[in-house]
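*Asks:* quick one, structure for this:
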Amino acid sequence: MGGMANIDLGAGKEVRITHTPDLALKFEPEDLSGLVKWVVGLINSKQDIPGFKSQSVNKIIVGDEEPEYIEVDQSNSSYRYGNYLVKIRKKLDLTNRSIRVLSTLAKARFENTPEYFGHVELEVFGKSVEFITVYEFIEDSTDGWTWAPQKLVSNDLYWINQLGQICAEMHRDLKSIAIDENINYLEVSEKLINDLAYDYKKPDNYDFQGYPDPDEVFGLWQEISSKYFGKLKQKKDILSFSNKNNQMTHGDFHVGQILKVKENYIIIDFDGSPVLQAETKNGGAPIESDVAHFLTSISLAARVGERINKLEYGQLNDVVKSAQDSFLMSYQNQAQALGLIPLDLALVEYLSLRQYLFEIIYAQKYLPRWIYAPVISLQQELG
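*Replies:* Down below sits the predicted model:
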């Protein structure tokens, strides 16, 4: 671990920033509130200081409020500061993917992301890297893993058409972002299959209350895995994939990345998939990857709804199919109106099925109790 920079917070208080070899940042917890105030002042000044660069879009106006820590964000240290959300990165991303996407969408006047006010970059390895970013705070919003299961349980699918249109508009606006055209998305992302653990031990001292037993679910996965990989190969064998239509995409587009605010929907978190390799962040992907991920997440949201409401697993299968069909139709109609290239439906089918595997890998690595959603969804899909 080495030193990177020092920040003078005033009143004799100084923050020393260090990082691990994988660029995870290290702070003292008591320093974070001061960092929030410091970054707002630096962005508003529209000035750079040694070791840091600031970008300002609109002035940030705060009163006597104190920054309030938000516990639900696991990938960043997030604070509410007045009417703003301040995100402090826990780990640097040398590709600056998220801020490239958000600034591009802001310039395109894409309406379905939180308003972006500015950010500060940290100089590391001779490069300026996104460090702290300020957005509007979305009041009274509901997380997608809350609202989507509820709507599926009540067979309310009106939202699907709206999200299909929003997704197509997002893809239109992201086309202008430069990508590394030498990266083969399918080849790189397929390497992830090697990360699948074929043995599994339930973690000790982990709260599984209200969830199916992960050991039993993993046993089910072992029962159906050979049939799954056979079907996955069948779908891959009919593909004629090319990188020529790749572009910047959301990269992790599922219902959990969509906040519901009254009757509107806000897309968040453009960092890319937490399980895909880092090199995919510089490269593009087919738009089918976002579409496929969202279709799979509808099925996963149904499993959440069935679990919470104590319904038999699979009871919402017909609703899932209707929702998936409606999303595809809405997306394709809007994409045609916007002049986008038509979807390769064979690629959508393959990537949708493959996403279940990525969800299982995610559960094994980060969230063991989640494994029930992709495995039981696969069980339903494979019959």
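
*Asks:* could I get the full set of strands for the stretch 151-300 of the chain?
*Replies:* Counting by DSSP state E, counting those that start in this stretch, the stretch 151-300 of the chain has strands at residues 258-261, 264-267.

*Asks:* pLDDT averaged over the first one - what is it?
*Replies:* I take that to be strand 258-261. Here strand 258-261 scores 94 as its mean pLDDT.

*Asks:* what lies in contact with that strand?
*Replies:* 138-144, 147-148, 159, 163, 265-268 (C-beta atoms under 8 Å, 6 or more residues apart in numbering). C-betas here are computed from N, CA, C, even on glycine.

*Asks:* for these, pick the one with the most neighbours.
*Replies:* The most neighbours of any of the contacts of strand 258-261, using other C-beta atoms under 10 Å, belong to residue 148, which has 27 neighbours.

*Asks:* and it, what element?
*Replies:* helix 144-153 (DSSP states H and E).

*Asks:* what packs against that helix?
*Replies:* Using 3 or more C-beta pairs under 8 Å, 6 or more residues apart in numbering; DSSP states H and E as the contact test, the elements touching helix 144-153 are strand 258-261, helix 287-308, helix 317-338.

*Asks:* cutoff 6 Å now
*Replies:* In terms of contacts (3 or more C-beta pairs under 6 Å, 6 or more residues apart in numbering; DSSP states H and E), helix 144-153 is packed against helix 287-308.

*Asks:* now the angle from the helix it packs on to helix 317-338?
*Replies:* Orientation of helix 287-308 against helix 317-338 (axes from the mean of the first three to the mean of the last three C-alpha atoms, to 10 degrees) gives an angle of 150 degrees.

*Asks:* what is the mean pLDDT for helix 287-308?
*Replies:* Helix 287-308 carries an average pLDDT of 98.

*Asks:* buried residues, that helix. List them.
*Replies:* In terms of neighbour count (16 or more other C-beta atoms under 10 Å), helix 287-308 has its buried residues at 287-307.

*Asks:* do stretch 190-204 as well
*Replies:* For stretch 190-204, a neighbour-count test (16+ other C-beta under 10 Å) marks 192, 200 as buried.

*Asks:* what lies in contact with that stretch?
*Replies:* Defining contact as C-beta atoms under 6 Å, 6 or more residues apart in numbering, one finds that stretch 190-204 is touched by 214-215, 218, 361, 364, 368.

*Asks:* what mean pLDDT does the helix holding residue 148 have?
*Replies:* The pLDDT scores in helix 144-153 average 96.

*Asks:* any idea how far that helix is from the chain center?
*Replies:* Here the centre of helix 144-153 is set off from its chain's centre by 17 Å, with C-alpha atoms, centre = their mean, to the nearest Å.

*Asks:* quick one: contacts of that helix?
*Replies:* With C-beta under 6 Å, 6+ apart as the test, helix 144-153 has contacts from 255-256, 258, 260, 301-302, 304-305, 309, 316, 319.

*Asks:* please identify which pair of the residues you listed lies farthest apart.
*Replies:* 258 and 309 (20.8 Å; C-beta to C-beta).

*Asks:* so for those two, which sits in the more crowded spot?
*Replies:* Counted by other C-beta under 10 Å, residue 258 and residue 309 do not tie: residue 258 has more neighbours, with 26 against 13.
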